[in-house]
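S.K.: Attaching a predicted model along with its sequence, questions to come.
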Amino acid sequence: GAVVSQHPSWVICKSGTSVKIECRSLDFQATTMFWYRQFPKQSLMLMATSNEGSKATYEQGVEKDKFLINHASLTLSTLTVTSAHPEDSSFYICSANGQANKPQHFGDGTRLSIL
Amino acid sequence: KDQVFQPSTVASSEGAVVEIFCNHSVSNAYNFFWYLHFPGCAPRLLVKGSKPSQQGRYNMTYERFSSSLLILQVREADAAVYYCACGGNQGGKLIFGQGTELSVKP
């Protein structure tokens, strides 16, 4: 079946650094990828929609200058958390689908801890 | 406001049929997607669609603004978080409910 790979799975870094998370579709071309954030005991919250070759669409309340998204190819989207602070510590998870209205396939997520 | 609603917890006993209910207020969403999520792993799609459907032990009921996930012969290993999501012709965008934590007593 379709596989989405997310890397790294876990990262700890100091406050003020930038962290890049990669999301790859391994066996299909993903025209659209989605980035979610999940705080403890809460639901998956959509942060942004990443479209190959165009600018990402951010959900209300998500700072686009803080969460930089690049979707330069049909198999790779990256999320960069810039100048990360402890409040950015969360579980970030991506998903991808090849066609609109088709099921999304999720990566295993990245647990980000900012000290 | 586009929202998806589902109970935060459901408790059951092994061997029973569990029902998790979901309803939404999302405009232009006519598909439901039910995902199983173990913390730290990728959510796994169980069943989906815009009509009643079944995949193994998982049944999905369907109404225009509501759906139920039924898990047949529930086991202790089914204890996890179950997400209901809705989507339509919105470029694949899904709106998720808060998740339902299922507990199963032996």
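M.R.: Noted; the coordinates are in hand. Residues are numbered from 1 along each chain as shown, chains lettered A, B, ... in the order given.

S.K.: CA only for contacts and neighbour counts going forward, please
M.R.: OK.

S.K.: For A:M47, see how far away the residue most central in space within chain A is.
M.R.: For chain A, A:W35 is the residue whose C-alpha lies nearest the centre (Cα atoms, centre = their mean; 3.6 Å). From A:W35 over to A:M47 the distance is 6 Å, taken as Cα to Cα, to the nearest Å.

S.K.: before we move on, what about A:Q60?
M.R.: 8 Å.

S.K.: give me the number of residues near the nearest residue to B:A16 once chain neighbours are set aside?
M.R.: Spatial nearest neighbour of B:A16, chain neighbours left out: B:Q73 (5.2 Å); criterion: Cα to Cα, 6 or more residues apart in numbering or on different chains. Residues within reach of B:Q73, counting by other Cα atoms under 10 Å in any protein chain shown, total 14.

S.K.: Same question for A:S90.
M.R.: With other Cα under 10 Å as criterion, A:S90 counts 16.

S.K.: Now do the contacts for it.
M.R.: A:37-40, A:111-113 (Cα atoms under 8 Å, 6 or more residues apart in numbering or on different chains).

S.K.: Return the members of the residues you listed classed as buried.
M.R.: Buried subset of the contacts of A:S90 (neighbour count, 16 or more other Cα atoms under 10 Å in any protein chain shown): A:37-38, A:111-113.

S.K.: Return the set of buried residues in stretch B:76-96.
M.R.: B:78-88, B:91-96.

S.K.: let me fix that: stretch B:95-106
M.R.: In stretch B:95-106, counting by 16+ other Cα under 10 Å, buried: B:95-104.

S.K.: re the thing from before, would you check the buried ones among the contacts of A:S90 and say which has the weakest pLDDT?
M.R.: Scanning the buried ones among the contacts of A:S90 for pLDDT, the smallest score is found at A:Q38, 89.

S.K.: my guess is that one contacts A:F91, does it?
M.R.: Yes - under the criterion of Cα atoms under 8 Å, A:Q38 makes contact with A:F91 at 5.1 Å.

S.K.: Which positions in chain B make contact with chain A?
M.R.: B:33, B:40-45, B:48, B:87-93, B:95-99 (Cα under 8 Å from any Cα of the partner chain).

S.K.: Great, nothing more from me.
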